[in-house]
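>>> attaching a predicted model along with its sequence, questions to come.
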Number of protein chains: 2
Amino acid sequence: MVQLDDVFAALADETRRRILGLLASGEICVCHMHEALDVPQSTASRHLAHLRKAGLVATRRDGLWVHYRLAEFEDPAVAGVLRSTLSALHSTLGTDQDRKKLSKLIQIPVKALEKSAKRCC
Amino acid sequence: MVQLDDVFAALADETRRRILGLLASGEICVCHMHEALDVPQSTASRHLAHLRKAGLVATRRDGLWVHYRLAEFEDPAVAGVLRSTLSALHSTLGTDQDRKKLSKLIQIPVKALEKSAKRCC
DNA sequence: GAACCATATTCGCCTTGACGAATATATCAG
DNA sequence: CTGATATATTCGTCAAGGCGAATATGGTTC
């Protein structure tokens, strides 16, 4: 059960918002995350753990890699806040740059990522 | 110009969210605010100043009293985040209790406050 | 088993920001 | 001007939480 408190605490940090901004385009593994965001691996992992504990993201292990994705929200209030937040982040300069960097890393065109992100929120 | 950063920083604090929850029903003066929330006057004032600096609320002075109200948001992204947040707070237990206490203080029935709040978000 | 790789956690350090008491400011009444 | 009232700000204290380096964990390969 996702608590509203935890949602707002999670959204208060810029790195976590950048992570959510990327996850709006779909599942991403930790290594691509910390490279796209250009932060140390421990930082990416720490923030991902925070988001996971808050119930905002879910994980899937695939061998050595762990892929993160946005969770599905039962509570419509939480879902609404997340949707508007992702939509607000979508057109942000920072999100644009992060998405561009991710695009190169995973060899998927920016346009495709944007399309997924829009479908998501 | 309201910055998204400031919005999320403002929403990260519970007292500030309670304030916004009350303001959804309309203009309120500081004294009613800190009584309804049952926090020291300096705490209410400090958080209101925070919200004001973030651009989320506006004020109107009337003699000794200062009335606070929600600001109007030009940026549709910010407006969207605020709308979904207020809507999420609306049905919260804490907001319910605060609204009940405010209702007694300003002698306006809870139903009327709820109606205004719903119209607001 | 050992070596290796991706991810998670721990560690000490440091900044940010919340708190309530006390004080300052501003407005009004007499 | 004086006193009273509502609001704002300052002050010292304290806890929460961010940081990156280093280390631990868990899974894969040989």
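On my side now, so go ahead. Numbers count the residues shown, from 1 in each chain, chains lettered A, B, ... in the order given.

>>> contacts and neighbour counts: CA atoms only from here.
Noted.

>>> against DNA strand D, how distant is A:L89?
A:L89 is 18 Å from DNA strand D, where distance means C-alpha to the nearest atom of the strand, to the nearest Å.

>>> ugh, typo on my part, it should be A:L48
Distance, A:L48 to DNA strand D, using C-alpha to the nearest atom of the strand: 10 Å.

>>> tally of neighbours for that residue?
If you count neighbours by other C-alpha atoms under 10 Å in any protein chain shown, A:L48 ends up with 23.

>>> give the other helices and strands that the helix or strand containing it contacts.
Per DSSP states H and E: A:L48 is located in helix A:41-53. Contacts defined by 3 or more C-alpha pairs under 8 Å, 6 or more residues apart in numbering or on different chains; DSSP states H and E place helix A:41-53 against helix A:14-23, helix A:30-37, strand A:57-62.

>>> mind doing that once more with 10 Å?
Judged by 3 or more C-alpha pairs under 10 Å, 6 or more residues apart in numbering or on different chains; DSSP states H and E, the packing partners of helix A:41-53 are helix A:4-11, helix A:14-23, helix A:30-37, strand A:57-62, strand A:65-70.

>>> now the angle between helix A:14-23 and it, please.
For helix A:41-53 against helix A:14-23, the angle by axes from the mean of the first three to the mean of the last three C-alpha atoms, to 10 degrees is 70 degrees.

>>> avg pLDDT for helix A:41-53?
Across helix A:41-53, the average pLDDT comes to 98.

>>> now that helix against strand A:65-70, angle please.
Put simply, helix A:41-53 runs at 50 degrees to strand A:65-70, going by the same axes, to 10 degrees.

>>> what residues sit buried inside helix A:41-53?
The neighbour-count check on helix A:41-53 (16 or more other C-alpha atoms under 10 Å in any protein chain shown) flags A:A44, A:H47, A:L48, A:H50, A:L51, A:R52 as buried.

>>> for A:K53, give me its contacts.
A:K53 makes contact with A:V2, A:D6, A:A10, A:H47, according to C-alpha atoms under 10 Å, 6 or more residues apart in numbering or on different chains.
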